[in-house]
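[1] With the input below, show me the fold.
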Amino acid sequence: MKFFIKIFFSASLIISCNQVSSKYVDQINNPEILLNEISEHIKYLSADEREGRFPGTKGSQEAINYIVDELKGSGVSPAVDDEYLQYFNFTKDIKPSGLNEIRFNNKKYDINTDFMPLEFSSNASFTADVAFIGYGFSIKDSVEWDDYKYIDVKDRWVAILMGSPDGDHPHSKYADHIPIRKKAILAKDNDAKGVLFINQSDSDEFIPLRYDPNSNNMDIPVVQISRKFANDLLNDSLQFFQDEINSDLLSRSFLLNKSIDSKISLKKETIQIPNIIGMIHGNHDNHKNEYIVIGAHFDHLGYGGQSSGSLTPDERSIHNGADDNASGIAGVLEIAEKLKANQFELNRSILFMGYNAEEQGLLGSKHYVNNPTVPLKNIITMINMDMIGRMSNNKITVGGTGTSSAFDSILNNVEKNHDLLTTKSPEGFGPSDHSSFYINDIPVLFFFTGAHNDYHKPSDDWAQINVEGEKKILDMIYDIVIQIDQLETRPVFTEAGPKGPSQSRTSFKVTFGIIPSYSSNAIGLEIDGARKGGPAEQAGMKKGDIIIEIEGKSISNIYDYMYRLAELKTGQSVEVTIQRGDKELKLILNL
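    Sure thing, here's the model as predicted:
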């Protein structure tokens, strides 16, 4: 697959270079940051023909070809073994594969109409008896409700009502116990062999089968079934039992003298997709092996839809992502062109990066820091542009200003020459690709013009871009790069804020103080590090460790971890089992 993509890319590159050679002559003649070039980049990348640049699609490949053509036309050298592309594995989708059917009472039930596996379901082929477990609760807080207390579900399918007696109301006293993953984990903890989730009403549709990069399968099959199927299991008494439970708010769990034969088979579709990396070589003998990274992600949400990150999930249409993040990539291309034209001034080398699959969890930038083309210790600053196309009132936010003591003076010097109102945010961590570098102790600067009503919607189009505003930002970033490049000594990294997302104190009573690795495919929860002074660091947990059990209960992914964490209390000492290389270790965390 990788070889084929490279052959296809090379052929298309030759053709496109011949077609646009006159354009590159113009670039060489006028390498300044230009309004019309910013606009052209954004229009091309966010056109409907790119179909939202979802990783692995034709539109994404066209965007990749365009970005590489532009870098090559500017004279920027390839930086990945004489190529511009750094490939990594990407799971694009999960789909039914082979035979998927359930048989009960000599009747066959079909996928899509009678049942639908959930994306965290395991594959399975077995026959087992069934138990009805009501809402599948085991609550021991302000509410006392345990559907497993008087029943043994070991090696059985458990049929569980979705939701609660209050439906899916977010302010219900049952709200923390409604999530289907939590109910499935509880069933697994009680040794159930599989889970059958029953829709709340006949009008409910199945949850679409869509891959979640933060999830692994649960080692047991988990499927939704129609109410018609559930009524066949319960002798047409489903509504009666549901009404009884909702009325007296008491458990109704019982064994069914029935068994079902199941065959569940899902397959992940994994492909190779690239980051884009180019380089300009520095000139100073003592500094040319130090690197400034200038990067932005080029992917977006494709056609949107459920679980895509779209804020209009019920509207399946092209999400063009003009601001997010064609604007950022346009910035990389324009700054690359100008820096190449002034290469003779550069002391240090510059790496230009276009990251893939940022919307799926910063996958491209995380792959790079785990597989760098230059030693990470030689990267002195990472500059990230994400959504820089909607400037209003000359305002720009710069994040990461506290990640090196050198940055405040540099920004203060540069601001004097630019008509911009800069809001500085010292923290180094944030929801974009600079975070991958920050957690590896690299100073970062993050440029962002702010959220808007078109964010992650089909309406994020090129016509909304403030091109004049973006040019002002790029002119300022160029000057910042030059000032960093001319420093006698590299910026010294300073930790500025946590190296992971802040944890809601209202959701969790305790914290381990870990930084989850959202790009890991490991079974369990791999960590990118442990916060200084936190329980995990004090217990000896390190980057690369994989949490596989908490208090003897299995952890398959970050969702399992969060549900286990919610069960713990301040002051508790907790046994945590981790995988470190080929060794399994048990650590005690004091919360």
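
[2] which stretches of the stretch 451-591 of the chain have low pLDDT?
    Per-residue confidence for the stretch 451-591 of the chain (pLDDT under 70) gives these ranges: 502-508.

[3] which residues touch residue 254?
    Residue 254 makes contacts with 131-132, 151, as judged by Cβ atoms under 8 Å, 6 or more residues apart in numbering. From N, CA and C alone the C-beta is placed, and that goes for glycine too.

[4] if you set the cut-off to 6 Å instead, what comes out?
    If you count contacts by Cβ atoms under 6 Å, 6 or more residues apart in numbering, residue 254 has them with residue 132.

[5] Over to residue 218?
    Residues touching residue 218, when contacts are defined by Cβ under 6 Å, 6+ apart, comprise 120, 184, 556.

[6] can you tell me the helix or strand for the residue most central in space within the chain?
    The geometric centre of the chain, computed from its C-alpha atoms, lies nearest to residue 361 (Cα atoms, centre = their mean), at 1.7 Å. Assigned by DSSP states H and E, residue 361 falls within no helix or strand.

[7] from the contacts of residue 218, which ones fall inside helices?
    When helices are assigned by DSSP state H, the members of the contacts of residue 218 inside them are residue 184.

[8] Top of the contacts of residue 218 by number of neighbours, please.
    Neighbour counts for the contacts of residue 218 (other Cβ atoms under 10 Å) peak at residue 184, which has 27 neighbours.

[9] quick revisit: wait, which of the contacts of residue 218 is closest to residue 345?
    Taking Cβ to Cβ as the measure, residue 556 is the one of the contacts of residue 218 closest to residue 345, at 52.2 Å.

[10] how close does the closest one get to residue 500?
    From residue 556 across to residue 500, the span is 20 Å (Cβ to Cβ, to the nearest Å).

[11] again, but for residue 577
    Residue 577 sits 21 Å away from residue 500, going by Cβ to Cβ.

[12] Next: residue 513.
    Distance, residue 513 to residue 500, using Cβ to Cβ: 9 Å.

[13] Neighbour count: the two, which is higher?
    Taking other Cβ under 10 Å, residue 513 and residue 500 do not tie; residue 513 has more neighbours (23 against 20).

[14] how about the more buried one, what does it touch?
    Applying Cβ under 6 Å, 6+ apart, we find residue 513 in contact with 530-531, 534-536.

[15] burial of the nearest residue to it once chain neighbours are set aside, as a residue count?
    Taking Cβ to Cβ, 6 or more residues apart in numbering, and ignoring the residues beside it in sequence, residue 513 has residue 534 as its nearest neighbour in space, at 2.0 Å. Residue 534 is flanked by 18 other residues according to other Cβ under 10 Å.

[16] How about residue 325?
    Applying the criterion other Cβ under 10 Å, we find 33 residues in the vicinity of residue 325.

[17] Over to residue 40?
    That count, for residue 40 with other Cβ under 10 Å as the rule, works out to 16.

[18] Got phi/psi on it?
    Phi and psi for residue 40, reported as degrees, to the nearest 10, are phi -60, psi -40.

[19] From residue 330, how far off is it?
    Residue 40 is 8 Å from residue 330, where distance means Cβ to Cβ.

[20] chain center to the host helix or strand of residue 469, what's the gap?
    When secondary structure is defined using DSSP H and E, the element that contains residue 469 is helix 467-485. Here helix 467-485 is found 28 Å from its chain centre; the criterion is Cα atoms, centre = their mean, to the nearest Å.

[21] Show me what that helix is packed against.
    In terms of contacts (3 or more Cβ pairs under 6 Å, 6 or more residues apart in numbering; DSSP states H and E), helix 467-485 is packed against helix 35-45, helix 327-341, helix 407-415.

[22] Need those in a markdown table (columns: distance to residue 492).
    Listed next are these as a markdown table, based on distance: least, Cβ to Cβ, whole Å:
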| stretch | distance to residue 492 |
| --- | --- |
| helix 35-45 | 33 |
| helix 327-341 | 24 |
| helix 407-415 | 10 |
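
[23] quick one, which of the ones you listed is packed in tightest?
    Per-residue neighbour counts averaged over each of these give the maximum for helix 327-341, namely a mean of 26 (mean count of other Cβ atoms under 10 Å).

[24] how far off helix 467-485 does that helix point, in degrees?
    Between helix 327-341 and helix 467-485, the angle formed by their directions is 50 degrees, by axes from the mean of the first three to the mean of the last three Cα atoms, to 10 degrees.

[25] other SSEs contacting helix 327-341?
    Judged by 3+ Cβ pairs under 6 Å, 6+ apart, the packing partners of helix 327-341 are helix 35-45, helix 58-74, strand 291-297, strand 349-355, helix 467-485.

[26] Just want the angle from that helix to strand 349-355.
    For helix 327-341 against strand 349-355, the angle between stretch directions is 160 degrees (the same axes, to 10 degrees).

[27] now, which of the contacts of residue 513 lie within strands?
    Using DSSP state E, residue 530 are the members of the contacts of residue 513 that sit in strands.

[28] Relative to residue 229, how far out is residue 278?
    55 Å.

[29] Hmm, residue 85 is touching residue 272, no?
    No. With contacts defined as Cβ atoms under 6 Å, residue 85 does not count as touching residue 272, sitting 9.7 Å away.

[30] okay, those two: which has more neighbours?
    A count of neighbours by other Cβ under 10 Å puts residue 85 above the other of residue 85 and residue 272, at 22 against 16.

[31] which residues touch the nearest residue to that one once chain neighbours are set aside?
    The spatially closest residue to residue 85, leaving aside those adjacent along the chain, is residue 274, at 3.8 Å (Cβ to Cβ, 6+ apart). Residue 274 sits next to 85-87 when contact means Cβ under 6 Å, 6+ apart.

[32] Recalculate using a threshold of 7 Å.
    For residue 274, the residues meeting the contact criterion (Cβ atoms under 7 Å, 6 or more residues apart in numbering) are 64, 85-87, 356.

[33] Put together JSON lines for those residues, with pLDDT and distance to residue 489 on each row.
    Compiled in JSON lines, the contacts of residue 274 are given as follows (pLDDT from 0 to 100; distance: Cβ to Cβ, whole Å):
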{"residue": "64", "pLDDT": "99", "distance to residue 489": "37"}
{"residue": "85", "pLDDT": "98", "distance to residue 489": "34"}
{"residue": "86", "pLDDT": "99", "distance to residue 489": "30"}
{"residue": "87", "pLDDT": "98", "distance to residue 489": "36"}
{"residue": "356", "pLDDT": "98", "distance to residue 489": "34"}
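
[34] and the closest residue to residue 202 other than its chain neighbours, what are its phi and psi?
    Nearest residue to residue 202, sequence neighbours excluded (Cβ to Cβ, 6+ apart): residue 227, at 5.3 Å. Residue 227 has phi and psi values of phi -70, psi -30 when expressed as degrees, to the nearest 10.
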